[in-house]
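A.B. asks: Model the structure of this input:
(one chain, ligands or ions: 1)
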Amino acid sequence: MTVMPDLQKSLDSRNIAIDKVGVKDIRYPIVVMDRSKVHQHTVARINMYVDLPHHFKGTHMSRFIEILNQYHGEISIESLDTILVEMKERLEASSAHLEMEFPYFIEKTAPVSGSRGLMEYQCRMTGSLGKESDFVLGVTVPVTSLCPCSKEISARGAHNQRSAISVQIRYTGHIWLEDLIAWVESCASAPVYSLLKREDEKAVTEQAYDNPMFVEDLVRGVTERLSEVPEIVWFKVECENFESIHNHSAFALVERDRR
Ligand SMILES: Nc1nc2c(ncn2[C@@H]2O[C@H](COP(=O)(O)OP(=O)(O)OP(=O)(O)O)[C@@H](O)[C@H]2O)c(=O)[nH]1
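C.D. replies: Alright, predicted model coming up:
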């Protein structure tokens, strides 16, 4: 067999170390355990990076995929640390990063009819292992917001819209995605559902009308709610209101570090 040159291992003389290099946007099946201890199979978009010392020309891209294949069917929050250790070792790196974004489904019950539907939430998990390890859990929760100003000044109705509240948390112990989502939803004018009958639609519309909120109210509400959870040591909450009467979004962000 002919021996092929390993260009990646050759030297680079520019004296520039690389912070993150690797593979991005790999679609891969993963498993997430839900609160009722049932395993939910979903498909993630995965990014895997390591650092690269200044003297090497390139990293070994194929090894990232080999590691994923090795953990096939077992990629989860629980296995994240083990995968990061493996990345550091196999790629001879001093830091490793794994980012996963995936849809997660929760069964939700309509408020009056009790009709059940599956709601999709976009979740994110980011793990890093260098001298220290770091883990960030994130989710984007769609909600309804109704404008207090519009309600105040209009003879009829108030403009309202779907808003996307994205939270990222660092925490100690364990936090279920279901709880994090519920905390965020409780801070909106009204939650969003996948299935509503007419009686539900009336109830949700009136709930939103009775709870008008600016984008500022939403991020402040979530800030208060997350601050009540002792396990959460850092969080960032961002809200985008896809305004229904403007051709732009309203946006607000709060970040708090309690460490
Ligand atoms: N480092 C690097 N590799 C790239 C890039 N684009 C494509 N590749 C390819 O990634 C492939 C795999 O590289 P390696 O992981 O080093 O492959 P290998 O030498 O067979 O594997 P090992 O024996 O484990 O090192 C090669 O075909 C590279 O050419 C790039 O931008 N950077």
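
A.B. asks: thought Ala250 was touching Val219?
C.D. replies: No: contact between Ala250 and Val219 fails when scored by CB atoms under 8 Å: they sit 10.7 Å apart. The C-beta positions use only the backbone N, C-alpha and C, and glycine is treated the same way.

A.B. asks: Looking at those two, which is more packed in?
C.D. replies: Per other CB atoms under 10 Å, whichever of Ala250 and Val219 has more neighbours is Val219, with 22 against 18.

A.B. asks: avg pLDDT for the helix or strand that contains that one?
C.D. replies: Remark: Val219 resides in helix 215-227, with elements defined by DSSP states H and E. Mean pLDDT, taken over the full extent of helix 215-227, equals 98.

A.B. asks: What parts of this structure come near the ligand?
C.D. replies: Proximity of the chain to the ligand, by CB under 6 Å from any ligand atom, involves residues 6, 8, 58-63.

A.B. asks: go with 8 Å
C.D. replies: Counting by CB under 8 Å from any ligand atom, the residues of the chain close to the ligand are 4, 6-9, 21, 57-63, 66, 90.

A.B. asks: Report the two of the residues you listed separated the most.
C.D. replies: By the measure CB to CB, Met4 and Val21 form the most distant pair in those, at 21.1 Å.

A.B. asks: The two: who's more crowded?
C.D. replies: Applying other CB under 10 Å to Met4 and Val21 shows that Val21 carries more neighbours, namely 16 against 6.

A.B. asks: Just checking, which helix or strand of this structure averages the lowest pLDDT?
C.D. replies: The least trusted helix or strand in the chain, going by mean pLDDT, DSSP states H and E, turns out to be helix 77-90, with a mean of 92.

A.B. asks: hmm, who's touching it?
C.D. replies: Helix 77-90 has contacts (CB atoms under 8 Å, 6 or more residues apart in numbering) with 32-33, 48, 50, 60, 63-64, 66-67, 70-71, 75, 93-98, 125, 127-129, 133, 135, 137.

A.B. asks: Out of these, list just those in strands.
C.D. replies: Members of those lying in strands (criterion: DSSP state E): 32-33, 48, 50, 96-98, 125, 127-129, 133, 135, 137.

A.B. asks: ok, those vs the ligand, which is closest?
C.D. replies: Ranked by distance to the ligand (CB to the nearest ligand atom), those are led by Val50 at 10.9 Å.

A.B. asks: Report the contact partners of the nearest residue to that closest one once chain neighbours are set aside.
C.D. replies: In space, and not counting its chain neighbours, Val50 is closest to Ala93: 3.5 Å by CB to CB, 6 or more residues apart in numbering. Taking CB under 8 Å, 6+ apart as the criterion, Ala93 is in contact with 50-52, 59, 87.

A.B. asks: any chance of the residues you listed in a markdown table, with distance to Ser227 and neighbour count too?
C.D. replies: Formatted as a markdown table, the contacts of Ala93 follow (distance: CB to CB, whole Å; neighbours: other CB atoms under 10 Å):
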| residue | distance to Ser227 | neighbour count |
| --- | --- | --- |
| Val50 | 35 | 27 |
| Asp51 | 34 | 19 |
| Leu52 | 39 | 24 |
| Thr59 | 40 | 21 |
| Met87 | 34 | 24 |
